[in-house]
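J.: Quick one, what's the 3D model for this:
(2 chains)
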2 protein chains.
Amino acid sequence: MQASESGAVAFARENGARFVEELKALLRIPSISTSPEHAGDVRLAAQFVAEELSRIGMENVHLIETASAQHPGGHPLVYADWLKAGKDAVTVLCYGHYDVQPAEPLEEWVTPPFEPTERDGNLYARGAVDDKGQMWMHVKALESLFAANGGKLPVNVRVIVEGEEEVGGEGIASFVREHGDQLKADVAVVSDTEMFAPELPTLCVGLRGMIYTEIEVRGAKTDLHSGMYGGAAPNPFVALAQIISKLKDEQGRVQIPGFYDKVAAPTADELKAWKALPFDEEHYRKTEVGSRELTGEAEYSVLERTWARPTLDVHGMPGGFIGAGAKTVIPAKAVAKVSMRLVPDQTPAESFAAYKAFVGSIVPKGVEVEVRLIHSGDPIVVSTDNPYVKAATEAMHEVFGKETVFVRGGGSIPIVGDFVRELKIPTLMMGFGLPDDNLHAPNEKFHLANFHRGIESLIRFFASVGA
Amino acid sequence: MQASESGAVAFARENGARFVEELKALLRIPSISTSPEHAGDVRLAAQFVAEELSRIGMENVHLIETASAQHPGGHPLVYADWLKAGKDAVTVLCYGHYDVQPAEPLEEWVTPPFEPTERDGNLYARGAVDDKGQMWMHVKALESLFAANGGKLPVNVRVIVEGEEEVGGEGIASFVREHGDQLKADVAVVSDTEMFAPELPTLCVGLRGMIYTEIEVRGAKTDLHSGMYGGAAPNPFVALAQIISKLKDEQGRVQIPGFYDKVAAPTADELKAWKALPFDEEHYRKTEVGSRELTGEAEYSVLERTWARPTLDVHGMPGGFIGAGAKTVIPAKAVAKVSMRLVPDQTPAESFAAYKAFVGSIVPKGVEVEVRLIHSGDPIVVSTDNPYVKAATEAMHEVFGKETVFVRGGGSIPIVGDFVRELKIPTLMMGFGLPDDNLHAPNEKFHLANFHRGIESLIRFFASVGA
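T.: Model (predicted):
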């Protein structure tokens, strides 16, 4: 360990209790980005973060407004930088978000969501781990480095913190697309993921992409009474059922021609590493999913199925009568919300085209079908042979005392795609959440030991890439 | 024509304009049974009918309250009788309803729904034909017979008029079940159906029955994120699609084993008569259904498919995400509202048992399924070889100058089932509506020529069965 690094770690340890108290103050602000009535709180949280970034020594701190005619109600970005490490020094882009999910259902919280409470080594609050707590690790790692190095950092740093992650991140996506030059860096660090298991330092190096679509089926020109017309009029729900049952077979294999053509298998090393992970399928089935059986392609492991295999799901089928009791309507139209998760090297454009063509080829008698793309995201794999991955791996290894594992995520984190695609830089997903941290659910928490270990890991990472 | 009959017809013709004005007064009362705020209007309509029944000479006129702890908000029945035709005389039970559907969307009415307006020989108002106008024909036929026969009727008559037909008819169903003896009669006459075509006197002699069910599919114990779990967790909508696509094949044939075993084919006479009806399949497809093609069992005609063949429809699929945009949820459960129309001699009990067993045999991997019966109704065929059918047929033939046609209805009229099952009497569905009368829709109307011809047909019918 270098002097600057050990000093910063010592500072973080001495000030750890204060860091937690500051985080609590931030958690008390109900910055729920989806609620217009909390717009003031969302801005308050942005200002709170901006003030702290100024106080610790970051420069050029300001809010970037994202609201516009195209994006009404947009919440501000917080920007800060410190670029005095020199022209040849590495520049790190730190990303986090200060907005949170709604807290409902409130009655299921043991302690109120916006009154942060410590219990059993955990800090309970909405946003504790997603993402205020993890974002705060970055701020506190930087503070510790400034403090131990006479107001200097070992690397150039830019910080961008958004307030719309929980509502789609449109503001930051536009900013990255239009003003990517203002975020110029060599590597991005995102702490918004979780560790594979307690005590197991984890780097997430891949994310599935997706296409989210709607299939609209139209039959009669108006809603009809099933007594009068049943047996002669097309039924859009029956037609949708026929279409959906042809999209994926009962073994979980998507039936769209060519769908799997570009699927890249994980490397042998990756597969070997996944096999070594502490994963108990029966425990996962019982405690996480809670279904009678797991489904999907039986020839692949659950981790392969959720990380490295594409799949297809139906999320809802609006239309017709959904109240209690009976209404004998043959609806004029019905919709299925269908998404596909994609993996490298599938592309949203090719996958959607193949899907749309296939649906068009299996339209049942009597109905018309429209297939719409609602949104899409690229699948991502982060190359692991670069010095930043090495630095992060070693930093976490040192702090946790265990080898860092590489995993993938089944979902998408749009900002990672934006960084990879627009900024063309490697993005490290160094997350310190735990699988049972209750993200988006009541009793969200952050294991405080991981908050402190996260700060130390980041200090070591900054010091290492700056060495 | 007997003297009493011709006198009554003459009276009806002389007083026809007054009859229409009285009907308008009744139509001005917005007796919308589904709206608690119109409960007072519903009662007002009941009182209006009761007062007129007293005035014309009916006896024992009173309201029967149906509201109870089990049936809060129940609307009253109007009862009246005249039983002085003698012990050996036939007793006719007249049924109608004085409640109406809501009038929304109001902006689509050419003239306001509760301001009855004559245009082009039609009377426009909510309830004009369904069923205030048709019920009023019964009252006015009876008035004409009283007037022409010195205050006597040629038959014994009971009148029962309900105020809940548009909201399920629970009150009258309970009354028929529990106090059927108070409605003892030889034949019931229901005027709540339509003529097959303009100028074509029509007797409806069959109705399909139904079972209305829900299939609930449960997968994971809680809603899951499709990014994290897609590929391993069961998807209830996909499971429902697989089930539904196995319930009915793409040729419209229900796949439940034994489902068709008890289906009775219409008689050769009935089929011959249907073939002779003025029915243009292409016109029906274009103007009534408006779909690209008609569906269902191609080996049967459209009238057979909708009148004499059972079928299966899906009405809605509650669960998951149905808002605008994208939410990547794998819902813990989803429901399909599935109904089957039944024909003689299928029974709801046997059909439901076979359906439930079949669904149980095709449960997809990873999910649990519950099949619930929401409600059911027996299919009905009225025997046509009795003197009442003959009397009705001839009465309408005389008035319209055309042979009366026998048709069936694809839907169910629960009260007809109640009369057949509980009172064990033939029930004549003598309806004088037209296919374009806009039942349940904006601009409901009653063709006034049919109002008057309906009154004359009823006069002749009463006179004939009383002769």
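
J.: From now on I want contacts and neighbour counts done on CA atoms only, so please keep to that.
T.: Noted.

J.: For the stretch 351-467 of chain A, which residues are neighbours of chain B?
T.: Contact residues (C-alpha under 8 Å from any C-alpha of the partner chain) of the stretch 351-467 of chain A with chain B: A:364, A:365, A:366, A:367, A:368, A:374, A:375, A:409, A:410, A:411, A:412.

J.: again, only this time at 6 Å
T.: A:366, A:410, A:411 (C-alpha under 6 Å from any C-alpha of the partner chain).

J.: give me the beta-bridge partners of residue A:97?
T.: As for beta bridges, residue A:97 partners with residue A:162 under DSSP bridges.

J.: So what's the residue count around it?
T.: If you count neighbours by other C-alpha atoms under 10 Å in any protein chain shown, residue A:97 ends up with 27.

J.: pretty sure it contacts residue A:161?
T.: Yes. Look at residue A:97 against residue A:161 with C-alpha atoms under 6 Å: they come within range, at 5.0 Å.

J.: element containing the residue located most distally from the centre of chain A, please.
T.: Largest separation from the mean C-alpha position in chain A: residue A:228, at 49.4 Å (C-alpha atoms, centre = their mean). For residue A:228, the host element (DSSP states H and E) is helix A:226-229.

J.: do the same with residue A:215
T.: Using DSSP H and E, residue A:215 sits in strand A:209-218.

J.: on contacts alone, who are the packing partners of that strand?
T.: Applying 3 or more C-alpha pairs under 6 Å, 6 or more residues apart in numbering or on different chains; DSSP states H and E, we find strand A:209-218 packed against strand A:333-342, strand A:368-377.

J.: Kindly compare burial across these and name the winner.
T.: Burial of these is given as mean neighbour count (mean count of other C-alpha atoms under 10 Å in any protein chain shown); strand A:333-342 ranks first at a mean of 26.

J.: shouldn't residue A:395 be in contact with residue A:459?
T.: No. Between residue A:395 and residue A:459 there is no contact under C-alpha under 6 Å: 8.3 Å.

J.: Give me the more crowded residue out of the two.
T.: Neighbours per residue (other C-alpha under 10 Å) separate residue A:395 from residue A:459, with residue A:459 holding more: 27 against 24.

J.: hang on, isn't that one packed against residue A:141?
T.: Yes. Residue A:459 is in contact with residue A:141 according to C-alpha under 6 Å; the separation is 5.3 Å.

J.: which non-adjacent residue is nearest residue A:366?
T.: Counting by C-alpha to C-alpha, 6 or more residues apart in numbering or on different chains, residue B:293 is the residue found nearest to residue A:366 once chain neighbours are left out, at 4.3 Å.

J.: How many residues are close by the one you found?
T.: For residue B:293, the neighbour count with other C-alpha under 10 Å is 18.

J.: repeat for residue A:346
T.: By other C-alpha under 10 Å, 23 other residues sit near residue A:346.

J.: can you check residue A:390 too?
T.: 14.

J.: what's the distance between it and residue A:383?
T.: Separation of residue A:390 from residue A:383 (C-alpha to C-alpha, to the nearest Å) stands at 11 Å.

J.: Quick check: neighbours shared by the two?
T.: Here residue A:390 and residue A:383 have no joint contacts, going by C-alpha atoms under 6 Å, 6 or more residues apart in numbering or on different chains.

J.: just the helices in the stretch 201-350 of chain A please.
T.: A:226-229, A:236-247, A:268-276, A:281-283, A:302-307, A:348-361 (DSSP state H, counting those that start in this stretch).

J.: just the stretch 1-150 of chain A next, same as before
T.: With helices called from DSSP H, counting those that start in this stretch, the stretch 1-150 of chain A shows them at A:3-14, A:16-27, A:39-56, A:132-148.

J.: can you tell which of these is closest to residue A:221?
T.: In terms of C-alpha to C-alpha, the element of the helices of the stretch 1-150 of chain A nearest to residue A:221 is helix A:39-56, at 42.6 Å.

J.: residues near the residue in the stretch 101-250 of chain A that chain B sits nearest to, how many?
T.: For the stretch 101-250 of chain A, the residue closest to chain B is residue A:227, as judged by C-alpha to the nearest C-alpha, at 3.5 Å. Neighbour count for residue A:227, taken as other C-alpha under 10 Å: 26.

J.: Could I get the full set of strands for the stretch 351-467 of chain A?
T.: In the stretch 351-467 of chain A, the segments counted as strands under DSSP state E, counting those that start in this stretch are A:368-377, A:380-381, A:405-409, A:427-430, A:445-447.

J.: most centrally placed residue in chain A?
T.: So for chain A, C-alpha atoms, centre = their mean, it's residue A:413, sitting 3.7 Å from the centre.

J.: What does the pLDDT read for residue A:3?
T.: Looking at residue A:3, its pLDDT is 63.

J.: That should have said residue A:414, apologies.
T.: At residue A:414, pLDDT is 83.

J.: again with residue A:324
T.: Taking residue A:324 on its own, its pLDDT is 86.

J.: okay, now it: neighbour count?
T.: 9.

J.: Neighbours of residue A:37, how many?
T.: Residues near residue A:37, counting by other C-alpha under 10 Å, number 11.

J.: Can you name the residues in contact with stretch A:445-456?
T.: Contact with stretch A:445-456 is made by A:9, A:121, A:122, A:123, A:124, A:125, A:128, A:129, A:137, A:141, A:432, A:437, as judged by C-alpha under 6 Å, 6+ apart.

J.: Nearest to chain B, out of the helices of the stretch 1-150 of chain A?
T.: When the helices of the stretch 1-150 of chain A are compared by C-alpha to the nearest C-alpha, helix A:132-148 sits nearest chain B, at 20.1 Å.

J.: Break chain A down into its domains, please.
T.: Annotated domains of chain A cover A:3-207+A:379-466, A:209-263+A:310-376 [automatic domain parsing].

J.: As JSON lines, the ones you listed with distance to residue B:341 would be great.
T.: Compiled in JSON lines, these are given as follows (distance: least, C-alpha to C-alpha, whole Å):
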{"stretch": "domain A:3-207+A:379-466", "distance to residue B:341": "41"}
{"stretch": "domain A:209-263+A:310-376", "distance to residue B:341": "7"}
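
J.: any chance of the helices of the stretch 1-150 of chain A in a markdown table, with distance to chain B too?
T.: Formatted as a markdown table, the helices of the stretch 1-150 of chain A follow (distance: least, C-alpha to the nearest C-alpha, whole Å):
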| stretch | distance to chain B |
| --- | --- |
| helix A:3-14 | 33 |
| helix A:16-27 | 25 |
| helix A:39-56 | 22 |
| helix A:132-148 | 20 |
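
J.: Go through these and name the closest to residue A:319.
T.: Per C-alpha to C-alpha, nearest to residue A:319 of the helices of the stretch 1-150 of chain A: helix A:39-56, 32.7 Å.

J.: in that closest one, what counts as buried?
T.: Under the neighbour-count criterion of 16 or more other C-alpha atoms under 10 Å in any protein chain shown, helix A:39-56 has A:39-50, A:52-53, A:56 buried.

J.: what's the answer for stretch A:89-107, then?
T.: Those would be A:89-103, for stretch A:89-107 by 16+ other C-alpha under 10 Å.

J.: same deal with stretch A:171-187?
T.: By neighbour count on 16+ other C-alpha under 10 Å, the buried set for stretch A:171-187 is A:171, A:172, A:173, A:175, A:176, A:180, A:183, A:184, A:185, A:186, A:187.

J.: Quick check: chain neighbours aside, which residue is closest to the fourth one?
T.: Which is residue A:175. Leaving aside its sequence neighbours, residue A:175 sits nearest to residue A:66 (C-alpha to C-alpha, 6+ apart; 8.0 Å).

J.: how close does that neighbour get to residue A:162?
T.: Residue A:66 sits 10 Å away from residue A:162, taking C-alpha to C-alpha as the criterion.

J.: Same question for residue A:340.
T.: 27 Å.

J.: Show the low-confidence segments of the stretch 201-350 of chain A, by residue range.
T.: Scanning the stretch 201-350 of chain A for pLDDT under 70 picks out no residues.
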